[in-house]
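A.B. asks: Sequence first, predicted model second:
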Amino acid sequence: MPGPLDGVRVIELPAIGPVPFLGMLLADLGAEIVRIDKPVPDVMDALSAGAPGRGRRSIALDLRRPGAAEVVLRLVDGADALIEGFRPGVAERLGVGPDAALTRNPKLVYGRMTGWGQDGPLAPTAGHDITYLAISGLLHGIGPADGPPVPPVNYLGDYGGGSMFLAVGVLAALLHARATGQGQVVDAAMTEGAAYLGTITRSLFALGGWQDTRASNLLDGGAPNYRCYACADGRYVAVGALEAKFWQMLVDTLGLDNPGSPYDSRDWPALIKTLGDAFATKTRDEWAAIFAPVDACVAPVLTLAEAPTHPHNVARGSFVDVAGATVAAPAPRFSTTATTAAAASERDSDAEGILAELGYDDAGVAELRESGAIQ
């Protein structure tokens, strides 16, 4: 069964992090991806090798060499979308920017991924997930009250604020292009996508319902009914007993008699200590077994190694093995179309096949080799 994006053709230009992640996502959904790789990968390219590079054909091109841009533009002729993550102006200098691409294919959706966006005073400067989060306002609120802000790996900026927002933008623009015949450029800035994810928090802040300090709010680890607690073995359980009925079930299961209210912040320090002392009496897995049949919103905090073997994840097939790594299965799931075909294969280099499809004969390929555009 083909995926929901069957028939959609996408070009992925060389990048690290969020652009390859988006390419993986689109491939898992059934799109046909041709990925342009660097002829000589560097250390950072390893972040996108293996499992994240699955499900698409690739060709190694040196975009700085004569003839390489024409290869990309020939791909553009038959593509629905292109995704890239260069700094502003780089694609233009390489001859594969939006003007050149849309001239060749006016229906093309040209997706651009940057940290700061295509304009503004920071646009030409370097950055990474942590710096994009820093100016979004979100990094300040993540971490313990008595320590520095803690970067949430690169889940929030690169992938949440970047890949997922460009995915939505590209898919929305594809619908528009199919309805109108008009392509366009999609400018996805990670700092803006991350900030957008904080909309509800900002709304609460505007209403006085959110403190602009770490670990002092209902959902940031400040509240006793929404935080992690250490167990006797040094591992943790996560508590999310926000509603009154779940809180009551939690304290009853812990054997606590009227310890106080989690809905009065004045009680929070005492409650955190009380619950901390209780959870410290048993191991994580002992508590997991105790709470398994109970509706109290308590779960063991699993490691990367442990998560794939949890019974719920096993029952749903939530993890798959790709390129020697155990990774999450494609998500979301669809009732009619498939999302698993791309997950079964690694990235497939097919320079000769791709060039032949684009109309390059032996002389044309030899010319590309001579210029250094291909190896």
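C.D. replies: Looks like it arrived, so ask away.

A.B. asks: Now do the end-to-end distance for stretch 28-42.
C.D. replies: The first residue of stretch 28-42 is 25 Å away from its last residue (C-alpha to C-alpha, to the nearest Å).

A.B. asks: Please read the previous query as pertaining to stretch 254-272.
C.D. replies: 13 Å.

A.B. asks: So for that stretch, what gets flagged as buried?
C.D. replies: In terms of neighbour count (16 or more other C-beta atoms under 10 Å), stretch 254-272 has its buried residues at 254, 259, 262, 268, 271, 272. Quick note: C-beta positions are derived from backbone N, CA and C, even for glycine.

A.B. asks: what's the answer for stretch 98-110, then?
C.D. replies: 98, 100, 101, 102, 104, 105, 107, 108, 109, 110.

A.B. asks: domain ranges for this protein?
C.D. replies: Taking automatic domain parsing as the domain assignment, the ranges for the chain are 9-196+322-371, 226-309.

A.B. asks: returning to what we had before: format the buried residues of stretch 98-110 as JSON lines; extra columns: pLDDT, secondary structure and distance to residue 49.
C.D. replies: Output for these, formatted as JSON lines (pLDDT from 0 to 100; DSSP: H, G, I helix; E, B strand; the rest coil; distance: C-beta to C-beta, whole Å):
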{"residue": "98", "pLDDT": "98", "secondary structure": "helix", "distance to residue 49": "28"}
{"residue": "100", "pLDDT": "98", "secondary structure": "helix", "distance to residue 49": "29"}
{"residue": "101", "pLDDT": "98", "secondary structure": "helix", "distance to residue 49": "26"}
{"residue": "102", "pLDDT": "98", "secondary structure": "helix", "distance to residue 49": "31"}
{"residue": "104", "pLDDT": "97", "secondary structure": "helix", "distance to residue 49": "30"}
{"residue": "105", "pLDDT": "98", "secondary structure": "coil", "distance to residue 49": "30"}
{"residue": "107", "pLDDT": "98", "secondary structure": "coil", "distance to residue 49": "32"}
{"residue": "108", "pLDDT": "98", "secondary structure": "coil", "distance to residue 49": "28"}
{"residue": "109", "pLDDT": "98", "secondary structure": "strand", "distance to residue 49": "26"}
{"residue": "110", "pLDDT": "98", "secondary structure": "strand", "distance to residue 49": "25"}
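
A.B. asks: Go through the buried residues of stretch 254-272 and name the one nearest residue 289.
C.D. replies: residue 254 (14.2 Å; C-beta to C-beta).

A.B. asks: That closest one: what's it in contact with?
C.D. replies: By C-beta atoms under 8 Å, 6 or more residues apart in numbering, the contact list for residue 254 reads 275, 278, 279.

A.B. asks: Count the neighbours of the last one for me.
C.D. replies: When you say that, I think you mean residue 279. Residues lying near residue 279 (other C-beta atoms under 10 Å) number 21.

A.B. asks: now do residue 196
C.D. replies: By other C-beta under 10 Å, neighbour count at residue 196 equals 14.

A.B. asks: how much space between it and residue 168?
C.D. replies: Separation of residue 196 from residue 168 (C-beta to C-beta, to the nearest Å): 10 Å.

A.B. asks: Check residue 212 too.
C.D. replies: Taking C-beta to C-beta as the measure, residue 212 and residue 168 are separated by 28 Å.

A.B. asks: cool, residue 240 as well?
C.D. replies: On the measure of C-beta to C-beta, residue 240 and residue 168 end up 27 Å apart.
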